[in-house]
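S.K.: I'll drop the sequence and a predicted model, then ask my questions.
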Amino acid sequence: MEKLLHVFNDLGWQDVVDIGLNSYILFRFYVLFRGTYVFRVLIGLTMLWFFQQIAAYLGLIVTSWVVQGIVAVAALIIVVVFRNEIRTVLQAKNLKTILWGFTAKTQAAPVDIIADSAFELARRWHGALIVIPGEESLEELVRGGIAWNGDISREMILSIFYPDNPVHDGAAVIEGDRIPRVGAILPLSRRDDLPSHLGTRHRAALGLTEASDAVVVVVSEQRGEVSLARGSRLRPIGSRRKLVQKLEEHFGLAEFQAPEQRKQNVEIVTAALVSLLFITGFWFSISRGLETLVTFEVPIEYMNRDPNMEIVHASVNSVRLNLSGSGTLIKSTRPDQARVRLDLTNAAAGPNSFSITGSNISLPPGILLKEVAPQNVVVNLDVTVRKELPVQVDWAGKLPENALLAEAAVEPARVEVVGGKRVLETIFTIYTEKVPLDKLREGGGIIEAGLVIQPASLKLASGSSERVTIKYITRRRE
Amino acid sequence: MLRKTILMIVWIFIAAIACPLPTHAQSPSRPAAGSPAPTSKATLIQAIVCEDVKDGIPYNASVAFSISAGKIYCFTFFDSIVEDMPIYHHWIFRDRPSARIRLGLKPPRWTTFSSIQLREADKGPWRVEITDASGRVFKILRFSVTD
């Protein structure tokens, strides 16, 4: 118990936000895809993943490997196979619906008239498609049709869907107590998991409700049944009372929660809780799993250096970070994700000692610092200055026995060097690279040689050549 | 002759325990050609690094000396010396002082020289800075010790 409390005490606000955010994403995923074939496949994939984890835990190497492969391939396949369903959810619905969306209801329509008409049409085996919009605009989805703009009445609806009426095959759109359009064409659902007995009328009803927050009352002329399409679900409605209740729920008119509504609410709350529990468990399994240790050699980064100063020398260029975390996190952590930064804002010319603490080190979330070595770094800073220095030839090798190098003149005789003041105080000459004597011509000549700028912190000033010309004269030995 | 022999024995003894070993000698000079380097109390007429100095005359002046030469000399000739004064030959190897040799000048003109014994580790670029007691530089001679 104490250990459990300790675990929760360790939780930071980032961890709570992390769990909350991902739980909500999972919950919204459920809300958006519930009832679709995609959701069922996703549940299957999740179970496979759990199975793989258990297999790995039990040491079933091949089983774990095979299941892992199936999950990886299936995740790719699901995107390809169900692209239409995913597109429907992500594109057709507006952002509010995706992020928040329990649809607020709009202008109420006379639900009694609609319910009476639907069941009367069913009794006569007349097919019908009645669209009742929600909050979202249907402009993009509902095409064609004839403007009607008639007041709604039972007789009017029966008349629209009378088989000899030219517009009876299309959909009637109801807005408030009016029917603005009849004979409208709805988008067809692309789902391939619909029962075969459902015809084009039902597919059209689902096509619209999958892409919007509207509901569609469908009357089958083959079976004389009334169904209600909402979201990705198409449910048969057995009674007029039930249809009234469902339509009232859609319009937010129900004064009390019907059992179905209560059931739906329980389902939503359960889904929210399961999402929270799942993500919490997943989070703890990743971030608080068995502790694993790893050591990274991380280079030190220096920040806010005075532009007039340069780092001449540092006691170390990198530090060893001893890190801990769950095996999963440690395995996915790369050395370049750990950074050690030293702030040189207050550093002065000369040696500066810094202690490396947690505030200098940034690590990926969930990774903890156990130890850093060395804990102190001495950084030698120096003011950048320019200095003109003479150039001297560094002769090497050997001349013939009877010859000697009488004179040598270097051009340019001096070069300007940029570097740390303290370093340049100890430098009085810039030497050339080794110039071999055995390649000199008898009598004299001109050769070129490169300059050796040492230590590496020094640089030639812009405009100074990196090579010099040497004019020389050789003579016979006396 | 006796003085020369004693000097040589002392020189060999010191060379055995510390190298490069500077040595020096001085004598009244003969005039020689060269660019004068004006100072307040003396003018440098000639300054060279050479393989040998015999009877006040430098031999085989060069800017690159084989280590096999064993010993090299810095020869200087001063004119217009007003009074007795010291000068210094600073032998510097790769910007690190190796030897500082004090030499005396006497009016009105004077030649003087110093030398160092070469070791294997002395290969590389050298320079000799010729200064007065106050540090004023008469001339800098640059050369290399090679294979």
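M.R.: Cool, the structure landed.
S.K.: so which residue of chain A comes closest to chain B?
M.R.: Relative to chain B, the nearest point of chain A is A:Trp395 (3.7 Å; C-beta to the nearest C-beta). Every residue, glycine included, has its C-beta placed from N, CA and C.
S.K.: and stretch A:170-179, which residues are buried?
M.R.: Residues of stretch A:170-179 classed as buried by neighbour count (16 or more other C-beta atoms under 10 Å in any protein chain shown): A:170-175, A:179.
S.K.: what residues does stretch A:324-338 touch?
M.R.: A:285-294, A:296-298, A:321, A:323, A:361-364, A:366-368, A:370 (C-beta atoms under 8 Å, 6 or more residues apart in numbering or on different chains).
S.K.: wait, stretch A:40-56
M.R.: When contacts are defined by C-beta under 8 Å, 6+ apart, stretch A:40-56 is touched by residues A:29, A:33, A:63-64, A:67-68, A:70-71, A:74-75, A:78, A:82.
S.K.: can you rerun that using 7 Å?
M.R.: Defining contact as C-beta atoms under 7 Å, 6 or more residues apart in numbering or on different chains, one finds that stretch A:40-56 is touched by A:63-64, A:67-68, A:70-71, A:74-75, A:78.
S.K.: from those, which would you call buried?
M.R.: The neighbour count (16+ other C-beta under 10 Å) marks A:64, A:67-68, A:70-71, A:74, A:78 as buried among the contacts of stretch A:40-56.
S.K.: mind listing which of those are in helices?
M.R.: Cross-referencing the buried ones among the contacts of stretch A:40-56 against helices under DSSP state H gives A:64, A:67-68, A:70-71, A:74, A:78.
S.K.: Would you mind listing where the stretch 101-250 of chain A has pLDDT under the threshold?
M.R.: A:101-109 (pLDDT under 70).
S.K.: on that earlier part again, just the ones of the buried residues of stretch A:170-179 in strands?
M.R.: A:171-175, A:179 (DSSP state E).
S.K.: and which of the residues you listed is nearest A:Met303?
M.R.: Distance ranking of these against A:Met303, using C-beta to C-beta, places A:Glu175 first at 62.6 Å.
S.K.: now A:Val393: how far from A:Gly325?
M.R.: Per C-beta to C-beta, to the nearest Å, A:Val393 is found 59 Å from A:Gly325.
S.K.: swap in A:Ala403?
M.R.: Computed with C-beta to C-beta, the distance linking A:Ala403 and A:Gly325 is 72 Å.
S.K.: Those two - which one has more neighbours?
M.R.: Each of A:Ala403 and A:Gly325 has its neighbours counted (other C-beta atoms under 10 Å in any protein chain shown); A:Gly325 has more, 26 against 17.
S.K.: State the three-state secondary structure for the more buried one.
M.R.: A:Gly325 falls in the strand class when you classify it by DSSP: H, G, I helix; E, B strand; the rest coil.
S.K.: beta partners of it?
M.R.: Note on A:Gly325: beta-bridge partners A:Thr292, judged by DSSP bridges.
S.K.: where does it land on pLDDT?
M.R.: Predicted confidence (pLDDT) for A:Gly325: 81.
S.K.: For A:Pro364, see how far away it is.
M.R.: Distance, A:Gly325 to A:Pro364, by C-beta to C-beta: 8 Å.
S.K.: Which residues of chain B lie near chain A?
M.R.: Selection of chain B residues close to chain A by C-beta under 7 Å from any C-beta of the partner chain yields B:59-64, B:66, B:95, B:124-125, B:127, B:142, B:144, B:146-147.
S.K.: The buried residues of stretch A:170-179 into a markdown table, with extra columns for distance to A:Val226?
M.R.: Shown next, in a markdown table, are these (distance: C-beta to C-beta, whole Å):
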| residue | distance to A:Val226 |
| --- | --- |
| A:Gly170 | 18 |
| A:Ala171 | 15 |
| A:Ala172 | 15 |
| A:Val173 | 18 |
| A:Ile174 | 15 |
| A:Glu175 | 21 |
| A:Ile179 | 18 |
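S.K.: taking those as a set, which two sit the farthest apart in space?
M.R.: The largest separation in these, counting by C-beta to C-beta, is between A:Gly170 and A:Glu175 at 15.9 Å.
S.K.: after the longest strand along chain A, next one along is what?
M.R.: When chain A is parsed with DSSP E, its longest strand is strand A:376-396. For strand A:376-396, the succeeding helix or strand toward the C-terminus, using DSSP states H and E, is strand A:403-411.
S.K.: what are the pairing partners of that next one, and which direction each?
M.R.: Using DSSP bridges, the strands paired with strand A:403-411 in its sheet are strand A:467-476 (antiparallel).
S.K.: Run through who's touching the partner strand.
M.R.: Contacts to strand A:467-476, defined as C-beta under 7 Å, 6+ apart, come from residues A:391, A:393, A:402-412, A:432, A:435, A:440, A:442-451.
S.K.: swap the cut-off to 6 Å and go again
M.R.: Residues outside strand A:467-476 that contact it (C-beta atoms under 6 Å, 6 or more residues apart in numbering or on different chains) are A:391, A:393, A:402-411, A:444, A:446-450.
S.K.: among these, which ones are buried?
M.R.: Buried members of these, counted by 16+ other C-beta under 10 Å: A:391, A:393, A:403-406, A:408, A:410, A:447, A:449.
S.K.: Straight-line length of stretch B:68-82, end to end?
M.R.: Taking C-alpha to C-alpha, to the nearest Å, stretch B:68-82 runs 40 Å from one end to the other.
S.K.: Tell me which residues of that stretch come out buried.
M.R.: For stretch B:68-82, burial by neighbour count (16+ other C-beta under 10 Å) applies to B:69, B:71-79, B:81.
S.K.: A:Phe354 is in contact with A:Val377, correct?
M.R.: Yes - with contact defined as C-beta atoms under 6 Å, A:Val377 and A:Phe354 form a contacting pair (4.9 Å).
S.K.: Helix or strand for B:Ser98, just tell me which one.
M.R.: Assigned by DSSP H and E, B:Ser98 belongs to strand B:96-105.
S.K.: For that strand, output the C-alpha coordinates as CSV.
M.R.: Extracted C-alpha coordinates of strand B:96-105, given in CSV (Å, rounded to 0.1, in the frame of the first residue of the first chain):
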residue,chain,number,x,y,z
ARG,B,96,61.0,28.1,-25.6
PRO,B,97,64.1,29.8,-24.2
SER,B,98,67.0,27.4,-24.2
ALA,B,99,70.0,29.5,-23.2
ARG,B,100,70.7,33.1,-22.3
ILE,B,101,74.4,34.1,-22.7
ARG,B,102,75.8,37.3,-21.4
LEU,B,103,78.7,38.8,-23.4
GLY,B,104,80.7,41.9,-22.9
LEU,B,105,81.4,44.7,-25.4
